[in-house]
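Novice: Model the structure of this input:
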Amino acid sequence: MMRKLLLTWLAWGVALSISAPIFLMLLTALKSNVDALEPSRLLFIPTLDNFIAAGSPSGIQRPLLNSVVEAGGATALCFLLALPTAYALALCNAKHRRAVLHGMLMTRFMPGIGVAIPMYLIFNAVGLIDTKLALIVIYTTTNLPIVVWMLFSYLRELPPGILESGQMDGATVRQQIIFVLVPLCLPGLCSTALLSVVLCWNEAFWSVQMTSLEGAPLSAYISTLSNDLLWGRLSAASLLAIGSILLIGWLTQRQFVRGLTFGAVQ
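Specialist: Predicted coordinates for the structure are as follows:
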């Protein structure tokens with residue numbers, strides 16, 4: 001009984017410690033710009049001016065739309081490339097499968113600053129600086145290894161007899177992927193898509209390096225507010241930015257957990 005009580009209190013302590021920064025951001029967002037410069041001030045007159053300014057046409061509207069387009073486009077492109085790759089690695093007895101998977105995963109751990117200058121020069125040469133397409137391409141290349149690994153683990157869990165039945169019925173590889181694999185792996189696909197969207201949504205390094213205005217997502221827009229010391233508006237914009245992705249995560253938490261436990265890399 002005492003052990004269960006201690007674990008409960010520990011869980012509440014961890015939850016509160018995780019929620020504390022969000023609560024402090026909410027307090028700062030409700031302060032005026034003058035009060036926001038004094039974080040220790042707890043007595044203040046609440047105001048919604050920061051939320052109104054952050055949600056105005058000159059605020060997060062364009063960056064929010066850019067984030068949706070870039071995260072959605074990168075996730076769609078990731079699936080377009082990763083699903084056939086995972087199919088070949090998991091179900092076609094590909095040679096050097098482990099070497100390919102580990103090689104792809106190693107690129108994910110490469111620090112972005114190590115290739116920032118070559119990437120900038122390449123994208124500048126083709127005229128893609130400060131465009132949504134640039135971030136879609138970068139997000140796709142950085143998240144593709146994780147998406148391939150997750151899809152590979154789900155496809156490895158499928159019984160081989162299902163695909164053999166489809167082949168006996170004359171189904172092509174494309175038909176097997178669309179009509180057999182996708183419905184069976186739908187929970188895993190949903191969790192992988194959500195993870196990819198979250199990774200794209202939270203990416204800050206490349207968005208700041210590659211965009212300034214036209215293609216700037218929320219992360220790049222929020223970084224400009226920190227330069228101007230607009231702590232109240234910065235907190236309001238940050239809350240609006242994380243609120244949408246938290247809402248999506250909360251609405252799809254069952255599918256996300258089910259997808260994460262659907263398969264495991266063998």
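
Novice: So, low pLDDT: which residues of the chain?
Specialist: Low-confidence segments of the chain (pLDDT under 70): 1, 160, 228, 252-266.

Novice: Recalculate using a threshold of 80.
Specialist: Applying pLDDT under 80 to the chain picks out residues 1-2, 33-43, 56-59, 91-95, 157-182, 184-185, 187, 226-230, 244-246, 248-266.

Novice: hey, which helix is longest across it?
Specialist: Counting residues, the longest helix in the chain under DSSP state H turns out to be helix 61-91.

Novice: Show me what whatever helix or strand comes next after it is packed up against.
Specialist: Using DSSP states H and E, the helix or strand that follows helix 61-91 towards the C-terminus is helix 97-108. Applying 3 or more Cβ pairs under 8 Å, 6 or more residues apart in numbering; DSSP states H and E, one finds that helix 97-108 contacts helix 61-91, helix 132-156. Just so you know, the C-beta spots here come from the backbone N, C-alpha and C atoms, and that holds for glycine as well.

Novice: Okay, residue 222 and residue 230: tell me how far apart.
Specialist: 10 Å (Cβ to Cβ, to the nearest Å).

Novice: Repeat that for residue 49.
Specialist: From residue 49 to residue 230 the distance is 11 Å (Cβ to Cβ).

Novice: Of the two, which one has the most company?
Specialist: Comparing residue 49 with residue 230 by other Cβ atoms under 10 Å, the one with more neighbours is residue 230, at 18 against 15.

Novice: can you tell me which residues contact the residue nearest to the more buried one when sequence neighbours are not counted?
Specialist: Distances taken as Cβ to Cβ, 6 or more residues apart in numbering place residue 33 nearest to residue 230, at 6.5 Å, with adjacent residues excluded. Applying Cβ atoms under 8 Å, 6 or more residues apart in numbering, one finds that residue 33 lies in contact with 50, 230-233.

Novice: so of these, which ones are in strands?
Specialist: Residues from the contacts of residue 33 lying in strands, with DSSP state E as the criterion: none.

Novice: of all those, which comes closest to residue 193?
Specialist: residue 233 (31.5 Å; Cβ to Cβ).

Novice: Run through the residues that contact that closest one.
Specialist: Counting by Cβ under 8 Å, 6+ apart, residue 233 makes contact with 33, 50, 53-54, 59, 225.

Novice: How about residue 167?
Specialist: residue 176.

Novice: Apply 10 Å and report the result again.
Specialist: Contacts for residue 167 (Cβ atoms under 10 Å, 6 or more residues apart in numbering) come out as 173, 175-176, 180.

Novice: now do residue 52
Specialist: By Cβ under 10 Å, 6+ apart, the contact set of residue 52 is 59, 233, 236.

Novice: Residue 21: which of the residues you listed is nearest?
Specialist: Residue 21 has its nearest neighbour among the contacts of residue 52 in residue 236, at 14.6 Å by Cβ to Cβ.

Novice: wait, the closest one sits on residue 242?
Specialist: No. Using Cβ atoms under 10 Å, residue 236 makes no contact with residue 242, being 11.4 Å away.

Novice: Kindly point out which residues are neighbours of both of the two.
Specialist: residue 25.

Novice: Between those two, tell me which one has more neighbours.
Specialist: residue 236 (28 against 16).

Novice: how much space between the more buried one and residue 190?
Specialist: According to Cβ to Cβ, residue 236 stands 31 Å off from residue 190.

Novice: From the contacts of residue 52, which land in helices?
Specialist: 233, 236.

Novice: Dump the contacts of residue 52 into CSV; add distance to residue 137 as well.
Specialist: Output for the contacts of residue 52, formatted as CSV (distance: Cβ to Cβ, whole Å):
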residue, distance to residue 137
59, 27
233, 31
236, 31
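
Novice: List just the nearest of the contacts of residue 52 to residue 43.
Specialist: Checking the contacts of residue 52 one by one against residue 43 (Cβ to Cβ), the nearest turns out to be residue 236, at 20.0 Å.
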